[in-house]
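Engineer: quick one: sequence and predicted model below, then my questions.
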Amino acid sequence: MGTEYGSSDIRNIAVLGHGGSGKTTLVDAMCFIAGSTTRRGSVESGTAHTDFTPEENDHGISINLAMGRAEWMGTKINLVDTPGYLDFFGEVEAGVRVVDGGLVVVSAINGVEVGTERVWSACAKRSLPRMLFVSMMDKENASFEKCFNQIRDTLSGEAIPVEVPIGAGDGFSGIVNLFSNKAHIYKAGSSKGEYEETEIPGELLDTVGQYREQLIETIAATDDELLEAYLEGEELDREKVLAAMSAAMWRGELFPIFCGSGESGRGVRAVMNKLVELMPSPVDAGSVEVTNAKGDVTELRPLDSEPLTAIVFKTTQEPRVGELTYFRVFSGSVRGGITVANPGRSTTERLTHPATPDGASRSEVEVLHAGDIGVVAKLKDTHTGDTLCAQGKDLRLAPINWPKPDISIAIHPTSRGEEDRLANGLNRVHEEDPTFIAAFEPELGQTIARGLGELHLNVAMERLKRKFAVAVETEAPRIAYRETITKKAQGQGRYKKQTGGRGQYGDCWLRLAPRTRGDGFEFISKIVGGVIPSKFVPAVGKGVREALSRGILAGYQVVDVAVECYDGSYHAVDSSEQAFKVAGSMAFQKVARDARPIILEPILNVEVRTPEEFMGEVIGDLNQRRGRIMGMEADGHWQVVKAKVPQAEMYRYSTALRSLTQGKGAHARDLSGYEPAPADVTKKIIAEAEARKEEEHR
């Protein structure tokens, strides 16, 4: 059984940053130094504590949100290690949703990168207190000062060092703690960051003095009592300074900066100390809002005595175990064997053998108190994002803010007859990762998979093959073009079929007229005098609708057309609904050819967010994609470009945009409407449609 921790003795911390900044290495070091693991792992060798899936080992990066546990200073620190690559940002959003604070890791070599800004913004949206850790101080070209300036310029002017390094690269030998005004010199050969406390080296006294004064001034400015003591020249009480600093962090007025190396363990102890001393426990974080069955919003305190509410933030399939469900308890508690409600799915679940997760392992516990994070196996019908609550209640927590997919591919199984297995496998992958979405599109005749980037989709396909034994091939998605007419036309459709017995006879005259874009299809009967019996007129409309779905030029749905049935004839014996349905279809197909038909292509509203220095490249690329720039506006040092671009020109745009902007650009898109395709594009579309027909007839 794992050790039981009360709500006040828990810290839930997301470890965040750009890919390659050292997050997973830092988490590994914290777990090792705290004794959760008995050996140091590494990302490069595939042995890191929180990178353990085959996909992560193959790619050498964090792909999944994973949990580490560090028991330190009588406190359990639940460490949520999040991926740094933007393709897996859904995992970041899930992690941020269930923590009470963020530890943002910044590489001392590369400084603040696009992923750093994205995770900082995600934390800010939830008003999470944040600490920063400048990592890799022992690497060549490491620069704490450069990092600090970038943090202040791009993340927050309220960020302030609480320790500064002694040396950098091979010369990184310790830190100066600005609280104690002492130097921590690391012991050579120690893998756990042990140090000796000494006086500050003389050559650093001036630099340290400036940083220390800046720190004390910043903290004092957030607390009137401390400010008065500071102005009167008094020595500030350490406990009062920590309390003021913590309160300022919770208000978003101060963000302390630490430094060190996860690989060597240097500086890691100081970070864990301050996670305990400065970050809020679930009790400190305060009440949580829940919505009841009537839609009323109420608040529950993070106490065991309150009704249970918990949110599921991750599900995953593991060999020999089955499905694992990870959840954060916000109020109430979870004991083994408890039955809970899943109000979103109108079901109940029995939570057996609750455990606390730690890397690839789990430690079973008797009870998970309010604020803790746990995992259970083999729930029947509970999925990522669901709320679990006390049985007999209908309480729902705010959902996870999943990013929308911005890239798509068409997929099909490599072997015939695997369609059902593919559909099942895709559904299971979506359960593990809600930002991966796949569905069969009948109009396109393709299964379309959508995700947050090419790497994201590649990993999903690898997971599909490894876990569910379904191999797929990919291709570009077809475009849902439309067809319409541009002038009026009229004509006859006459269907006559005579066999040995009763024949078939239907005859109708149609007028076609174009409608305004977006007005759709309208069928009008102008039959008078019974030239077509009233019972057969709707059949003409059905025939026209069938012809609309088959298209005129390239087999795409015909839209925005008015069809008027104004004349015809019938046979007293041979006429039938079926005959008039065929006549209506024949008439439309014949007349539409004379109504100057055209192809319509879908146009997207595209909003691109890019640093100002890449504006020229972004706009030039959009122009090459037949885009029309609709406007530009500044957002800090970013520029937002709004454009209308044909969907056909946006395939793999996410990848191209990242290449143009050194990984910093992002975009959103939605359907604007349909516009006539240029002549050269129309010619190409028709040729492709004819080629597909020939392929199908072979």
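Structural biologist: Arrived safely, thanks for sending. These numbers were taken from a predicted model, which means no experiment stands behind them.
Engineer: roughly how far does the spatially closest residue to residue 277 that is not a sequence neighbour sit from residue 230?
Structural biologist: In space, residue 277 comes closest to residue 242 once its chain neighbours are excluded; the distance is 5.6 Å by C-beta to C-beta, 6 or more residues apart in numbering. (C-beta placed from N, C-alpha, C; glycine too.) Taking C-beta to C-beta, to the nearest Å as the criterion, residue 242 is separated from residue 230 by 15 Å.
Engineer: for the two, indicate the residue with more neighbours.
Structural biologist: Set side by side, residue 242 and residue 230 show unequal neighbour counts under other C-beta atoms under 10 Å, the larger going to residue 230 at 19 against 15.
Engineer: so what's the residue count around the nearest residue to that one once chain neighbours are set aside?
Structural biologist: Distance criterion C-beta to C-beta, 6+ apart; nearest residue to residue 230, sequence neighbours excluded, is residue 220 at 4.1 Å. Per other C-beta under 10 Å, the neighbour tally for residue 220 reads 19.
Engineer: again, but for residue 619
Structural biologist: By other C-beta under 10 Å, neighbour count at residue 619 equals 18.
Engineer: work out for me the element it sits within.
Structural biologist: helix 615-624 (DSSP states H and E).
Engineer: from residue 543, how far off is residue 484?
Structural biologist: Distance, residue 484 to residue 543, using C-beta to C-beta: 19 Å.
Engineer: typo on my end, residue 423
Structural biologist: 34 Å.
Engineer: which of those two has more neighbours?
Structural biologist: Higher neighbour count among residue 423 and residue 543: residue 543, with 28 against 16, using other C-beta under 10 Å.
Engineer: let me know the secondary structure of that one.
Structural biologist: Here residue 543 is helix, with the state taken from DSSP: H, G, I helix; E, B strand; the rest coil.
Engineer: run through the strands of the stretch 51-200 of the chain in chain order.
Structural biologist: Along the stretch 51-200 of the chain, counting by DSSP state E, counting those that start in this stretch, strands occupy 66-72, 75-81, 101-107, 130-135, 159-161, 163-166, 174-177, 182-186, 195-198.
Engineer: buried ones in the fourth one?
Structural biologist: Buried residues in strand 130-135, counted by 16 or more other C-beta atoms under 10 Å: 130, 131, 132, 133, 134, 135.
Engineer: what's opposite residue 69 in the beta bridge?
Structural biologist: Beta-bridge pairing of residue 69 under DSSP bridges involves residue 78.
Engineer: how many residues are close by it?
Structural biologist: 25.
Engineer: before we move on, the earlier item: turn the strands of the stretch 51-200 of the chain into JSON lines, including mean pLDDT.
Structural biologist: JSON lines is the format used below for those (pLDDT from 0 to 100):
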{"stretch": "strand 66-72", "mean pLDDT": "94"}
{"stretch": "strand 75-81", "mean pLDDT": "97"}
{"stretch": "strand 101-107", "mean pLDDT": "97"}
{"stretch": "strand 130-135", "mean pLDDT": "97"}
{"stretch": "strand 159-161", "mean pLDDT": "94"}
{"stretch": "strand 163-166", "mean pLDDT": "94"}
{"stretch": "strand 174-177", "mean pLDDT": "92"}
{"stretch": "strand 182-186", "mean pLDDT": "92"}
{"stretch": "strand 195-198", "mean pLDDT": "90"}
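Engineer: okay if I get those as CSV plus distance to residue 324?
Structural biologist: Listed next are those as CSV, based on distance: least, C-beta to C-beta, whole Å:
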stretch, distance to residue 324
strand 66-72, 11
strand 75-81, 15
strand 101-107, 24
strand 130-135, 29
strand 159-161, 37
strand 163-166, 38
strand 174-177, 38
strand 182-186, 38
strand 195-198, 38
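Engineer: residue 555 is nearest to which of those strands?
Structural biologist: Closest to residue 555 of those, according to C-beta to C-beta: strand 66-72, at 47.7 Å.
Engineer: now what about the closest one, what contacts it?
Structural biologist: If you take C-beta atoms under 8 Å, 6 or more residues apart in numbering as the criterion, strand 66-72 is touched by 3, 27-28, 30-31, 33-36, 49-52, 76-81, 272-273, 275-276, 326, 356-359, 373, 375.
Engineer: can you check stretch 441-460 too?
Structural biologist: Identification of contacts with stretch 441-460 by C-beta under 8 Å, 6+ apart yields 55, 59, 63, 85-90, 403, 405-412, 422-423, 426, 429, 433, 435-440, 461, 475, 477-478, 480, 557, 652, 654-655, 658.
Engineer: go on, stretch 146-153?
Structural biologist: 106, 107, 108, 111, 112, 132, 134, 159, 161, 257.
Engineer: model confidence over it, on average?
Structural biologist: The pLDDT scores in stretch 146-153 average 94.
Engineer: what's the lowest-mean-pLDDT helix or strand in the chain in contact with?
Structural biologist: Ranked by mean pLDDT, DSSP states H and E, the weakest helix or strand in the chain is helix 54-59, scoring a mean of 78. With C-beta under 8 Å, 6+ apart as the contact definition, helix 54-59 has outside contacts at 46, 51, 62, 63, 64, 455, 459, 462, 463, 466.
Engineer: same question, stretch 336-344
Structural biologist: So stretch 336-344 is contacted by 293, 308, 310, 334, 347-354, 364, 366, 381-382, 386-396 (C-beta under 8 Å, 6+ apart).
Engineer: take those residues and keep only those in helices.
Structural biologist: In helices, judged by DSSP state H, none of the contacts of stretch 336-344 are found.
Engineer: narrow the residues you listed to those that are buried.
Structural biologist: Among the contacts of stretch 336-344, the ones that count as buried by 16+ other C-beta under 10 Å are 308, 310, 334, 348-349, 351, 354, 382, 386-390, 393-396.
Engineer: low-confidence ranges, this protein, go.
Structural biologist: 1-2, 500, 698 (pLDDT under 70).
Engineer: just say helix, strand or coil for residue 609.
Structural biologist: Here residue 609 is strand, with the state taken from three-state DSSP.
Engineer: beta-bridge partners for it, please?
Structural biologist: According to DSSP bridges, the partner residues bridging residue 609 are residue 640, residue 666.
Engineer: could you do residue 174 as well?
Structural biologist: residue 166, residue 185.
Engineer: based on its surroundings, how many neighbours for it?
Structural biologist: Around residue 174 there are 23 residues (other C-beta under 10 Å).
Engineer: is it true that it touches residue 166?
Structural biologist: Yes - counting by C-beta atoms under 8 Å, residue 174 does reach residue 166; the two are 4.2 Å apart.
Engineer: any shared contact partners between these two?
Structural biologist: Common neighbours of residue 174 and residue 166 (C-beta under 8 Å, 6+ apart) are 183, 185.
Engineer: which parts of the stretch 101-250 of the chain are helices?
Structural biologist: Residue ranges of the helices in the stretch 101-250 of the chain, as given by DSSP state H, counting those that start in this stretch, are 114-125, 144-150, 205-220, 224-231, 238-250.
Engineer: check the stretch 451-600 of the chain too.
Structural biologist: According to DSSP H, counting those that start in this stretch, the helices that the stretch 451-600 of the chain contains are 454-468, 537-550, 577-592.
Engineer: quick one: closest of these to residue 287.
Structural biologist: helix 454-468 (35.5 Å).
Engineer: phi and psi next, for the closest residue in space to residue 238 that isn't next to it in sequence.
Structural biologist: Nearest non-adjacent residue to residue 238, counting by C-beta to C-beta, 6+ apart: residue 179, 6.4 Å away. The phi/psi pair for residue 179 (degrees, to the nearest 10) reads phi -70, psi -50.
Engineer: so what's residue 179 up against?
Structural biologist: 162, 238, 241, 242.
Engineer: buried ones among these?
Structural biologist: 162, 241.
Engineer: tell me the one among the contacts of residue 179 nearest to residue 496.
Structural biologist: residue 162 (91.6 Å).
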